[in-house]
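Chemist: What follows is a predicted structure for the sequence shown.
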Amino acid sequence: MSNETGDRLVPPDTPTDLFIGGQWRPAAGGRQMPVFDPATAQPFATVADGSDVDALAALDAAAAAQRDWARRAPRQRGEILRRSFEAMIARQDDLARLITAEMGKPLAESRAEVLYAAEFLRWFSEEAVRLDGRWSVAPEGGSRLVTMLQPVGPCYLILPWNVPLAMATRKIGPALAAGCTAVVKPAAQTPLSLNLLAVLMTAAGLPPGVLNIVATSDPAPVTDALMGDPRLRKMSFTGSTPVGRELARQAAGNLLRFSMELGGNAPFIVFEDADIGQAAREAMTAKLRNNGEACTAANRFLVHRSVAGDFAEALRTRFADLVVGPGLRPDVTLGPLINRQAVARIDALVRDAVAGGASLLYRGKVPDGDGHYYPPTILGDVPPDARIVTEEIFGPVAPIVSFDTEDEVLAIANRSAVGLASYVFTRDLDRALRVSEALEVGMVGLNRGILSNPAAPFGGVKASGYGREGGAEGIAEYVEVKYLALSA
Ligand SMILES: NC(=O)c1ccc[n+]([C@@H]2O[C@H](COP(=O)([O-])OP(=O)(O)OC[C@H]3O[C@@H](n4cnc5c(N)ncnc54)[C@H](O)[C@@H]3O)[C@@H](O)[C@H]2O)c1
Ligand SMILES: O=CCCC(=O)O
C-alpha cells in the first residue's frame, strides 16, 4: 500500500496480485498500476497490472478446472456459493470501505451494495439445484424428446467500476452455479473489492481455477487474447454501449456466445395525478443512488406541465439537504465522481442545456480540494432534444422536461436509442399498465424509484443490450440446451 490512507482502507488480507489457478501471482513482467481515491484524486494502493500472457494463463486454469467443476453435485456448488454469501455478510464493513475507497460513493451505499452483491450468491446458490430439463412424447409418437441443461464452459466476465461487487456476483453467481469456470476482469479503477471477494470464496471452499481474476490498465490485449481462444465459450459484459458494441463485433468473429448489460437513459415520468411528494422522494433514489452513476439512474424527468413546478420545488428541497463530501465521512450523502473526465463531461452537458434555454433551478456546493466532485444540480424547462436528455449523464444532475399529453411523453421516452430502466408515477392503474406496456425498456418502476433485486430479471432492450441477469433468467445465460432423441 502506498500511503497511510491505503493502510487504513485496505484490509491486510486483501491481495493486490492477480488470481490465477487458485494462486495470487504478480503480473507477467511485474507490471503494476495505481488505484485512486476519487475523494482526493490520490493513489491509495498499487495492484498487479495484467497482460495477454496473464489472461491466457487464467484461461488455462479455467479450462483445466472446467470438467471437474461441471461434474460436481449442484448442491455442492450451491453450498460453496451459500458459504460465500455468509462470508460477505460477515465482512460487510471491510468490503464496503474498499468500494467507497475505490469508487467514491457514501459508505452507507457501499454497505447496501455489499448486501445486494451477497444476495446474488445466495439467490444462485438456490438456483444451482433447479436446472431442470424436459421430457416429452414426440407429437407423432415413436420417440421421446429429452432435454438437459449443461454449463456453457469457461466464461470471460467483464465488469464496470460503478457497482463493482454487485456486478461481479451477478455474473459469478450464475456462472459458477451452472457449472462454468470464469476469468473475471474488473475495471482498472476497482480491483480490490473483487480480490477480497476471491479470498472469501476460496475460504468457502471454491476449488483452484474455478474463479480467476486478471485486472489490467489495458483491457484490449487481454480481451483479444481471451476472445480469440476457442476454449472460451461465453463472454458477459457490463459497461458502456460503445464498448459493448465493439465487443459484440469481436465476439461475432468467433461466434462466441455473449450477454451485454449496457448503458441506459431512464425516463422518470410524473403524470398530473401522481403523488408529487412520493415522486420526489423516489426521484432521490432513482437519480442519486450510487452518486448518480448507475445504469438505472433517472436521466430525464418528464413531468406533466401542470405539476412541473410543484415537482421541481419538492425535489429542490430534498437536493438542498444533500451533504457532498468524501464517502467515508459518516454524514456524507453524495460522494465524488469516478474521475476528472466525468466531472468535465457532465459540466459540458449542463452548460449545453443552459445555452439551449434550460433554467438552473438548483446548484449545490462541493468541497474544496482535488476530489472529483460535481454539485447536485436541477435544471428546468430543458428542451427534449438537449444533449443532457439524450445522453447518459452518470452524475447528480436532474433535467426536467415538461409534457402535455400521454402520447407526447411516450414519444419522448421512446425516442432514445437505449432502453434499460424507466419509472412511472401515476395513481391511475389503467394508465400505469398502458404506459408500462408501451415503454421500450427492459424494466419499469411503478411509483417506485428502485428496481434492482437479485430475484428479478435485470436487463434492457435496444442498445441497452442482450440477456438478463438475476432472477430465474440469470442462470439461463450460462447453460446450453442439449436434446436427446429416445426411441420408444
Ligand atoms: N446494464 C447494466 O446492468 C449496467 C450496470 C452497470 C453499468 N452499466 C453501464 O456501464 C457504464 C459505466 O461503466 P464503465 O465506465 O466501466 O464502462 P466501460 O464500457 O468504459 O468499461 C466497462 C468495462 O469494459 C472494459 N473495457 C473498456 N474498453 C475495453 C476494450 N476495448 N476491450 C475490452 N474491455 C474494455 C473496462 O476496462 C471495464 O472493465 C455506463 O454506461 C453504465 O450505464 C450498465
Ligand atoms: O449501474 C447499474 C446498477 C445496476 C443495479 O442496480 O443492479
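Modeler: Great, that's in hand. Ligands and ions are numbered 1, 2, ... in the order given.

Chemist: CA atoms for contacts and neighbours, from now on please.
Modeler: Will do.

Chemist: For the residue nearest the centre of the chain, which non-adjacent residue is spatially closest?
Modeler: Nearest to the mean C-alpha position of the chain, by C-alpha atoms, centre = their mean, lies Met167 at 4.4 Å. Among residues not flanking Met167 along the chain, Leu159 sits closest, at 6.4 Å (C-alpha to C-alpha, 6 or more residues apart in numbering).

Chemist: How confident is the prediction for that neighbour, by pLDDT?
Modeler: On pLDDT, Leu159 comes in at 99.

Chemist: Ser51 touches Ala27, doesn't it?
Modeler: Yes - with contact defined as C-alpha atoms under 8 Å, Ser51 reaches Ala27; the gap is 7.2 Å.

Chemist: And the next helix or strand past the helix or strand hosting the residue nearest to the centre of the chain?
Modeler: For Met167, the host element (DSSP states H and E) is helix 164-178. Proceeding N to C from helix 164-178, the next assigned helix or strand is strand 182-185, under DSSP H and E.

Chemist: residues in contact with that next one?
Modeler: With contacts defined as C-alpha atoms under 8 Å, 6 or more residues apart in numbering, strand 182-185 is touched by 55, 58-59, 62, 154-159, 172, 175-176, 210-216.

Chemist: strands paired with that strand, and their directions?
Modeler: Paired strands of strand 182-185, with direction, are strand 155-158 (parallel), strand 211-213 (parallel) (DSSP bridges).

Chemist: So for the helix or strand harbouring Arg318, mean pLDDT?
Modeler: Applying DSSP H and E as the criterion places Arg318 in helix 308-319. For helix 308-319, mean pLDDT is 98.

Chemist: buried set for that helix?
Modeler: Ala308, Phe311, Ala312, Ala314, Leu315, Arg316, Phe319 (16 or more other C-alpha atoms under 10 Å).

Chemist: Stretch 378-393 now?
Modeler: Applying 16+ other C-alpha under 10 Å to stretch 378-393 flags 378-384, 386-393 as buried.

Chemist: Mind putting the buried residues of helix 308-319 into a markdown table with distance to Arg130?
Modeler: Formatted as a markdown table, the buried residues of helix 308-319 follow (distance: C-alpha to C-alpha, whole Å):
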| residue | distance to Arg130 |
| --- | --- |
| Ala308 | 48 |
| Phe311 | 46 |
| Ala312 | 47 |
| Ala314 | 46 |
| Leu315 | 44 |
| Arg316 | 48 |
| Phe319 | 45 |
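
Chemist: Quickly name whichever of those residues is closest to Ala294.
Modeler: Distances from Ala294 to those, taken as C-alpha to C-alpha, are shortest for Phe319 (17.9 Å).

Chemist: my read: the residue nearest to Met167 touches Pro186, true?
Modeler: Yes - shown here, Leu159 and Pro186 form a contact pair, counting by C-alpha under 8 Å, at 4.9 Å.

Chemist: Contact residues of this structure facing ligand 1?
Modeler: Within the chain, the positions adjacent to ligand 1 are 158-162, 186-188, 219-220, 223, 238-240, 243, 261-264, 294-295, 459 by C-alpha under 6 Å from any ligand atom.

Chemist: let's see 5 Å
Modeler: 159-161, 187, 219-220, 239-240, 243, 261-263, 295 (C-alpha under 5 Å from any ligand atom).

Chemist: so which two of those residues are the farthest from each other?
Modeler: Within the residues of the chain next to ligand 1, two members stand farthest from each other by C-alpha to C-alpha: Ala220 and Cys295, at 22.7 Å.

Chemist: Tell me which of those two has more neighbours.
Modeler: Cys295 (25 against 13; other C-alpha atoms under 10 Å).

Chemist: quick one: Ala314 and ligand 1, what's the gap?
Modeler: Remark: distance between Ala314 and ligand 1 (C-alpha to the nearest ligand atom, to the nearest Å) = 27 Å.

Chemist: where exactly do the helices run in the stretch 1-150 of the chain?
Modeler: 4-9, 52-71, 74-90, 92-103, 107-127 (DSSP state H, counting those that start in this stretch).
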